[in-house]
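>>> generate coordinates for the sequence data below:
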Amino acid sequence: MTTFRLAPAVADAFPDALIALVTATGLRGREAWPDTADALADLERRLAEGSWQPADENDPRIAAWHTAYRAFGTNPRRIRPSVDALGRRMAKKGTLPRINPAVDSYNAVSVRHGLPAGAFDLDRVTGDVEIRHAGDGEEFTPLGEPGTVEQPKAGEVVYADSSGVLTRHWNHRDAHRTRVTEDSTRVAFLLETVDAPRDADLLKAAADELEGLLVPHAERTAVHYLSPAQPHAGA
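The predicted structure is shown next:
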């Protein structure tokens, strides 16, 4: 089992953080996922007809993340939270990217609910995962750029396992090593808010929606939550 931990310093800095950990084992990423395809198509249709649009930085869900990014020294208009970047891309292009069914599922749920989302292939994770501040001299290889090595700034919030950093700027970008592909069978999905007093019910609805997309294509799924009051969960 992989344990996810919220480090005490991050819990102290973001006391209203709440993270949904949605796990799936026996995932079948090479079969058709019609419910996910329908979810993507529905969002694109609603955007085209003008009945819905992605949350932007004026929305309190996104604004809270901009505030969080500034708190750990990142300019959120230059390096945007994942849901902000994804929503802006969708608003501009009118579509969401098609990567693979598992990734497409969390992208659809992320944009629909205005919450950052990500995922790790647990078979590529080493040891446990901690949400913590980066230290000096750490390294990160971004998704899709296996030949690139970045150094997170000390104090930046990251996900990290015992082998290294798995995200930059909390949720801006995932690492190449733990990327989710069609062949990933054991995956941890994350949905996040830094304003649980306002967004806890929304986060739980989003986690349930994501789990519903995974259930037809997995042997087993589960949902757990991390918060300053409950800083550990197993995947």
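
>>> determine the longest helix present in this structure.
helix 196-214 (DSSP state H).

>>> buried sites along it?
By neighbour count on 16 or more other C-beta atoms under 10 Å, the buried set for helix 196-214 is 196, 199, 200, 202, 203, 206, 207, 209, 210, 211, 213, 214. Backbone N, C-alpha and C define where each C-beta goes, glycine included.

>>> from memory the third one sits against residue 193, does it?
Yes: with contact defined as C-beta atoms under 8 Å, residue 200 reaches residue 193; the gap is 7.3 Å.

>>> sec struct for residue 31, please.
For residue 31, the assignment made with DSSP: H, G, I helix; E, B strand; the rest coil gives coil.

>>> which ones are touching it?
101, 217 (C-beta atoms under 8 Å, 6 or more residues apart in numbering).

>>> now it: phi and psi?
phi -100, psi 170 (degrees, to the nearest 10).

>>> I'd like to know how far it sits from residue 92.
From residue 31 over to residue 92 the distance is 31 Å, taken as C-beta to C-beta, to the nearest Å.

>>> also residue 216?
32 Å.

>>> ok, those two, which is more surrounded?
Between residue 216 and residue 92, counted using other C-beta atoms under 10 Å, residue 216 has the larger neighbour count: 12 against 8.

>>> and the pLDDT for that one?
As predicted, residue 216 sits at a pLDDT of 98.

>>> got the phi/psi numbers for the closest residue to it other than its chain neighbours?
Excluding the flanking residues, the one nearest residue 216 by C-beta to C-beta, 6 or more residues apart in numbering is residue 35, at 6.9 Å. Phi and psi for residue 35, reported as degrees, to the nearest 10, are phi -70, psi -40.

>>> could you pull up the residues touching residue 35?
212, 213, 216.

>>> is it possible to export these to TSV including distance to residue 49?
Putting the contacts of residue 35 into TSV (distance: C-beta to C-beta, whole Å) gives the following:
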residue	distance to residue 49
212	25
213	23
216	28
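
>>> just those now: which is nearest residue 77?
Nearest to residue 77 out of the contacts of residue 35 is residue 213 (C-beta to C-beta; 31.3 Å).
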